[in-house]
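> From the sequence below, what's the structure:
(one chain, ligands or ions: 3)
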Amino acid sequence: MLSVKEAEEIILGLVQPLDENQEYEIVNLSSAVGRILAAAVSSQLDFPHWDNSAMDGYAVQFADVQFANAQQPAVLEIVEEIPAGCQPQIVIKSGQAARILTGAVMPLGADTVVMQEQTRREGDRIFILAPPAQPQAFVRHQGAFYQAGTQLLSAGIPLNAPEIAVLAAAQCHQLPVYRRLRVAILSTGDELVAPEQPLQAGQIVDSNQYALAALVTQMGGIPLCLGIVPDQPQALKDAISQAILSADVVLSSGGVSVGDYDYVEQILAELGAEIHIRAVAIKPGKPLTFATFHGNKSANSQPVLYFGLPGNPVSSLVTFWRFVQPALLKLSGLATGWKPVFIMARSRDNLHSDGKRETYLWGQLQLVDGVYEFQLAGGSHSSGNLINLAQTTGLAVLPVEHKFLPAGKTVKVLAINN
Ligand SMILES: Nc1nc2c(c(=O)[nH]1)N[C@H]1C(S)=C(S)[C@@H](COP(=O)(O)OP(=O)(O)OC[C@H]3O[C@@H](n4cnc5c(N)ncnc54)[C@H](O)[C@@H]3O)O[C@H]1N2
Ligand code: MOO
Ligand SMILES: [Mg+2]
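Ligands and ions are numbered 1, 2, ... in the order given. A predicted model of the protein is given here:
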């Protein structure tokens, strides 16, 4: 059986990011939030766009005011008022000043701004009561923050509020972003019913379909929910065939263990998939299956990735977080930040494992006085119990052969972003 590390290397080694030259779309800035930039962006504007004032005050010539003080103020004539948004009309000469407001364009002739608090005004005269620190004080120079035509944002970064602010200010309102990933989701099992259906004796509600669709949506993908597929080889074959034609990634749950109705692996082989992983030493999630389908789309496109997740509800979520999420993030075009994030945290509880497989225990990762702590979810840590999965923000990891970690010790925790 493969170790978790080996399985991760196989999966991430087979995933290549979408092609930035072909697999992108142009979107308006207003709908770009959460998308990933497919090409570097530059602006035609310098930042600041013009020399401008950092303060409400007076634009002056430094030489006129450099020795000013409260006893012997420099006295200047105010020749113009320059609010932000206006173009100055007058060239400042020695002995003159312009009233200027924060962000307003510096007038020609002036080289320094004196802040209002260092002045006293009498009609059209301004008394400078203290010298500025140096020439150019409180002047923000054109191009000091960014020069037009140079790279503003690099390809492969997610567009969140700070990037949207930068792009808006730079008047970049149409942006190339990677297309959203299409992720087909299907649940296998004769026993499954949809949440809204009345439950007959022995039936199980299909929670995995909903959980996996939620995870895909949260990551910015498009979930294609293909519903419940009965445990019949032909039905499964039809459903998987349809899924690989319509999606970049297929997630099925159930049917990957050794039971009489576990057909997924057999069908993958019959459909010509290359099966890379049949089981992983992870608890929960051991029967995880990973395969690729080549040649279903155009010649230069990527293979379709197939994850056969175990049916137990916790197993399917844990294997998603550990293996599928990094793969989807890498595929989606993110240049960095697609690897799983582990945080060292102080465990508040004793943690137990049988030591046979790398064990993931669910709970909450909390920051207390600057130190991460892990709170184990109460109740059963059975892969069939999803009730105590609500509000999971971290999975504590006990390595193989590590059967016990006492409360108070540091444990590695896989961070979950909800
Ligand atoms: N003899 C063995 N039996 C099992 C082994 C083993 O090694 N030898 N492995 C166990 C482990 S570990 C897991 S995990 C499960 C995985 O089973 P499958 O992936 O084949 O899943 P199913 O048998 O179809 O279902 C298992 C369980 O999960 C419920 N289920 C399935 N789909 C859903 C869904 N969409 N929503 C909610 N619940 C679902 C299903 O009803 C079963 O109760 O196998 C162990 N067995
Ligand atoms: O891997 Mo199974 O998920 O231990 O129940
Ligand atoms: Mg089974």
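> buried residues in stretch 250-266?
250-257, 261-265 (16 or more other C-beta atoms under 10 Å). Where you see a C-beta, it was placed from the backbone N, CA and C, and this is true even at glycine.
> Would that stretch count as contacting ligand 1?
Yes - against ligand 1, stretch 250-266 shows contacts by C-beta under 6 Å from any ligand atom at 253-259, 262.
> neighbouring strands for the strand ranked longest in the chain, and are they parallel or not?
Assignment by DSSP state E gives strand 358-368 as the longest strand of the chain. Next to strand 358-368 in the sheet, as set by DSSP bridges, lie strand 282-283 (parallel), strand 371-376 (antiparallel), strand 394-398 (antiparallel).
> Show me what the longest one is in contact with.
The reference is to strand 371-376. Strand 371-376 has contacts (C-beta atoms under 8 Å, 6 or more residues apart in numbering) with 343-349, 351, 361-367, 394, 396, 411, 413.
> In contact with residue 187, which residues?
206, 208-209, 227-229, 252-254.
> Beta-bridge partners for it, please?
Using DSSP bridges, the beta-bridge partners of residue 187 come out as residue 228, residue 253.
> sorry, back to before: tell me which residues of the longest strand of the chain are tucked away?
358-365.
> need the residues you listed in TSV with distance to ligand 2 and pLDDT, can you?
Below are the buried residues of strand 358-368 laid out as TSV (distance: C-beta to the nearest ligand atom, whole Å; pLDDT from 0 to 100):
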residue	distance to ligand 2	pLDDT
358	11	98
359	9	98
360	10	98
361	12	98
362	12	97
363	17	98
364	21	97
365	21	97
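> Among those residues, which pair sits farthest apart?
358 and 364 (20.4 Å; C-beta to C-beta).
> Can you show me the helices along the stretch 1-150 of the chain?
Secondary structure of the stretch 1-150 of the chain, counting by DSSP state H, counting those that start in this stretch: helices at 4-14, 62-65.
> just those helices: most buried one?
helix 62-65 (a mean of 18; mean count of other C-beta atoms under 10 Å).
> what distance separates it from the middle of the whole chain?
Centre-to-centre, helix 62-65 and its host chain are 51 Å apart (C-alpha atoms, centre = their mean, to the nearest Å).
> Which other helices and strands does that helix contact?
Helix 62-65 sits against strand 74-82, strand 112-115, with contacts defined as 3 or more C-beta pairs under 8 Å, 6 or more residues apart in numbering; DSSP states H and E.
> let's see it at 7 Å
With contacts taken as 3 or more C-beta pairs under 7 Å, 6 or more residues apart in numbering; DSSP states H and E, helix 62-65 sits against strand 74-82.
> Give me the contacts around the strand it packs on.
The contact list for strand 74-82 (C-beta atoms under 7 Å, 6 or more residues apart in numbering) reads 60, 64-65, 68, 88-90, 95-101, 104-105, 107, 124-128.
> contacts with ligand 2 among those residues, please.
Near ligand 2, by the rule C-beta under 6 Å from any ligand atom, you find none of the contacts of strand 74-82.
> Taking these, please make a PyMOL selection of just the buried ones.
One line in PyMOL is enough to select the buried ones among the contacts of strand 74-82; burial here means 16+ other C-beta under 10 Å:
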select buried, resi 60+64+65+68+88+96+97+98+99+100+101+104+105+107+126+128
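> out of the contacts of strand 74-82, which are inside strands?
Those of the contacts of strand 74-82 lying in strands (DSSP E): 60, 96-100, 125-128.
> of the residues you listed, closest to ligand 3?
Of all the ones in strands among the contacts of strand 74-82, residue 100 has the smallest distance to ligand 3: 75.0 Å, by C-beta to the ion.
> residues in contact with that closest one?
Residue 100 makes contact with 53, 57-59, 82, 113, according to C-beta under 7 Å, 6+ apart.
> what's the answer for residue 408, then?
residue 346.
> any idea how far the residue in the stretch 51-200 of the chain that ligand 2 sits nearest to is from residue 5?
Nearest to ligand 2, among the residues of the stretch 51-200 of the chain, is residue 189, at 14.8 Å (C-beta to the nearest ligand atom). Shown here: residue 189 relative to residue 5, a distance of 30 Å by C-beta to C-beta, to the nearest Å.
> What of residue 80?
Residue 80 is 69 Å from residue 5, by C-beta to C-beta.
> average pLDDT across stretch 221-228?
What stretch 221-228 shows for mean pLDDT is 98.
> wait, I meant stretch 92-108
On average, stretch 92-108 scores 98.
> From the chain's centroid, how far away is it?
44 Å.
> now stretch 151-159
Put simply, stretch 151-159 sits 12 Å off its chain's centre (C-alpha atoms, centre = their mean).
> Report the buried residues of that stretch.
Quick answer for stretch 151-159 (16+ other C-beta under 10 Å): 152-153, 155-159.
> now the end-to-end length of that stretch.
Stretch 151-159 has its terminal residues 16 Å apart, counting by C-alpha to C-alpha, to the nearest Å.
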